[in-house]
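In: Would you be able to build a 3D model of this:
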Amino acid sequence: MTRGKTATTTDRANGTSTGVARGWVSFVGSGPGDPDLLTVRALTLLEQAEVVVTETPEHIDLVRRLLALPAECETPLFVDGGFGEDGQPLTHAARAKVVTRHAKKGQRVVRLMSGDPFLYASGPEEALACVKAGLGFEIVPGVSSVSAVPAYAGIPLTTKDHREVAVVTANEKVDWSAYGEDRTLVVLSGVNMIGDIAKALVAAGRDPETPVAMTRVGTTTEQATVTSTLAGIAAAARSARMAPPAVIVIGKVVDLRETLSWFETKPLFGWRVLVPRTKDQAGPLVARLRGYGAVSDEVPTISVEPPRNPLQMDKAVRGLVEGRYEWIAFTSVNAVKAVREKFEEYGLDARAFSGLKIAAVGDKTAQAIAAWGLRADLVPSANDPAGQSAAGLLAIWPEFDDLLDPINRVFLPRADIATETLVAGLIDLGWEVDDVTAYRTVRATPPPAATRDAIKSGKFDAVVFTSSSTVRNLVGIAGKPHPSTVIAVIGPATAKTAEEHGLRVDVLAPKPDVDVLVDALADFGAARRAAMLEAGEQVTRPSERKPSARRSKVRG
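Out: I've put the predicted structure just below:
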């Protein structure tokens, strides 16, 4: 991955260079936990960074995921800014030394900090160390937990009737008598002191019935909120086993949570969903699940491998370049990838498709073609009777006409296990087909033992199956999902395979599209939640209930 060059002593000021390397430090706020809350500037600097000094262990995974860094990538260099080599927490001064040491080497350093660098953080002290060392720096504000966590809990810190807010970091030195008046109070680091804090505020004049909310690991799918009063919050927090990190809000604004809670009421909030696909394939699906509040685990069930005999593919690509074909038909994203990789192997690019007509089985495949700089000439509509499938593509494919079509041959790169439907249909339409194995799909290796145990013991709330092969392969490598797990499938064929393997299908997408599948699962979750609330029950996830309590199927 290409990184930005290191700055010199003068190029930042006037565009000239003395050739003397000079480091630069960017103090970047990572926000309270939700990676979507990082700023555009933060992402740009992380892409250019040579060194990233982290604050928490989670920051490494965050950066790798955001930048899609392969495991073997050595840039940027990650440096632990939270703990020293002896395992002890670093002081502000020690962290500053870590940052300046790397910057003095002329490296572009990103100091990644939780929340905001200049709000309840060590950013000011570390920035002063940069000034003392003669190093340039910049501050990239981050979303602070002070405002973000209450917002994710559905609690506004100010309203037209409540305009004043005080923020306090709890410790033994705080004089709580100064906060007896009726204004919104945000307390940080106060989980273990909440009983004493509540008593002190009541003694200072606060009404014991003043509303209180405590939200832990806010903005993440593990977020949990407890509401009570000053008189009852200590007991409520103990009962809910609340633990740091948490943000406490005290004041009448807490009452608005009952109507403004939006994050914890998402239809799949906190659901752990198993996605039997590779990370590359699962990206859009995972993002959509996350939008509904779920956290996903990707488990590859198939591995895409090159064909055993590459000569057939080599011959077909040479024929494509020489003008042997009138059409090329892509029936999957993997087929597009396989042909593209073969092109790169030969040093070819998209210009080799000049004069060739391109067909795609569906929108996702057409998008993969578009990412190559090409446009599909023929794509079945999802609204057609046969849908986006081989049958749908055949339904709109033109018959061969020896007057209009100079060449009667079609290049069909596909998987080794593909059906013969398309080949037979094209032959019936008068075309000759070079049916070429572009890639093989083989069963993936079994997932780790912990994942297999979670699948079989019901620790997953749902599984989304996007094909019959994902059903067969998941059961083959990991076993059957527990009866309490919600089973969602992309279409009737996949549903039939799931039922043949002893699985009860709860959700069937109304059309074969992963986005529609996730939407259908979200509808199921929303209906399930509404039924629990109507029955006066506590809202729980499927993994928290007994198998006998499963609800009726939802068919799209």
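In: How about residues contacting stretch 223-232?
Out: 152-153, 198, 201-202, 206-217, 233, 235-237, 240, 242, 250, 254, 257, 261, 263-264 (CB atoms under 8 Å, 6 or more residues apart in numbering). All C-beta spots, glycine's among them, are computed from the backbone N, C-alpha and C.
In: what distance separates the start and the end of it?
Out: 21 Å (CA to CA, to the nearest Å).
In: Just the helices from the stretch 301-450 of the chain, written as ranges.
Out: Taking DSSP state H, counting those that start in this stretch as the test, the helices found in the stretch 301-450 of the chain are 311-321, 333-346, 363-370, 390-396, 421-428, 449-457.
In: so what pLDDT did the closest residue to Val361 other than its chain neighbours get?
Out: The shortest distance from Val361 to any non-neighbouring residue, by CB to CB, 6 or more residues apart in numbering, is to Thr331 (4.6 Å). Note for Thr331: predicted pLDDT of 90.
In: go on, Ala71?
Out: 69.
In: Of the helices of the stretch 301-450 of the chain, which is nearest Glu181?
Out: Using CB to CB as the measure, helix 449-457 is the one of the helices of the stretch 301-450 of the chain that comes nearest Glu181, at 49.9 Å.
In: Whatever helix or strand comes next after that closest one - which strands sit beside it in the sheet, and in what orientation?
Out: Once the chain leaves helix 449-457, the next helix or strand it forms, by DSSP states H and E, is strand 462-465. Note on strand 462-465: by DSSP bridges, its sheet partners are strand 272-275 (parallel), strand 486-489 (parallel).
In: highest average neighbour count across those?
Out: Of those, the one with the most neighbours on average (mean count of other CB atoms under 10 Å) is strand 486-489, at a mean of 27.
In: Tell me where the stretch 351-500 of the chain is predicted with low confidence.
Out: For the stretch 351-500 of the chain, the stretches flagged by pLDDT under 70 are 417-419.
In: where do the strands sit along it?
Out: 357-360, 409-415, 432-443, 462-465, 486-489 (DSSP state E, counting those that start in this stretch).
In: residues in contact with the longest helix along the chain?
Out: Using DSSP state H, we find that the single longest helix of the chain is helix 514-534. Outside helix 514-534, the residues that touch it by CB under 8 Å, 6+ apart are 265, 267-268, 271, 273, 284-285, 288-289, 292, 364, 462, 464, 466, 486, 488-490, 506-510, 538-540, 551, 554, 556.
In: quick one: that helix to helix 363-370, angle?
Out: 140 degrees (axes from the mean of the first three to the mean of the last three CA atoms, to 10 degrees).
In: distance between helix 514-534 and the chain's centre?
Out: 20 Å (CA atoms, centre = their mean, to the nearest Å).
In: So which bits of that helix are buried?
Out: 514, 516-522, 524-525, 528-529 (16 or more other CB atoms under 10 Å).
In: what about that helix, average pLDDT?
Out: The average pLDDT for helix 514-534 rounds to 95.
In: ok so, going back, Asn171: which of the strands of the stretch 351-500 of the chain is closest?
Out: Per CB to CB, nearest to Asn171 of those: strand 462-465, 42.9 Å.
In: contacting residues around the host helix or strand of Arg238?
Out: Per DSSP H and E, Arg238 falls inside helix 233-239. Helix 233-239 has contacts (CB under 8 Å, 6+ apart) with 191, 194-195, 198, 212, 214, 226-228.
In: circling back: wait, doesn't the residue nearest to Val361 sit right on Ala368?
Out: No - judged on CB atoms under 8 Å, Thr331 makes no contact with Ala368 at a distance of 11.5 Å.
In: okay, the two: which has more neighbours?
Out: Using other CB atoms under 10 Å as the criterion, Thr331 and Ala368 rank with Thr331 on top: 24 against 20.
In: what sits against the more buried one?
Out: 361, 365, 390, 393, 412, 414, 418, 422.
In: Export the residues you listed as a markdown table, with columns for neighbour count and distance to Asp434.
Out: A markdown table is the format used below for those (neighbours: other CB atoms under 10 Å; distance: CB to CB, whole Å):
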| residue | neighbour count | distance to Asp434 |
| --- | --- | --- |
| Val361 | 26 | 17 |
| Thr365 | 23 | 19 |
| Ala390 | 22 | 16 |
| Leu393 | 27 | 17 |
| Leu412 | 23 | 7 |
| Arg414 | 23 | 11 |
| Ala418 | 19 | 14 |
| Leu422 | 24 | 13 |
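In: Geometric centre of the chain: which residue is closest?
Out: Ala287 (4.8 Å; CA atoms, centre = their mean).
In: Domain parsing of the chain, as residue ranges.
Out: Residue ranges for the domains of the chain, per automatic domain parsing: 23-143, 147-260, 272-301+445-555, 305-443.
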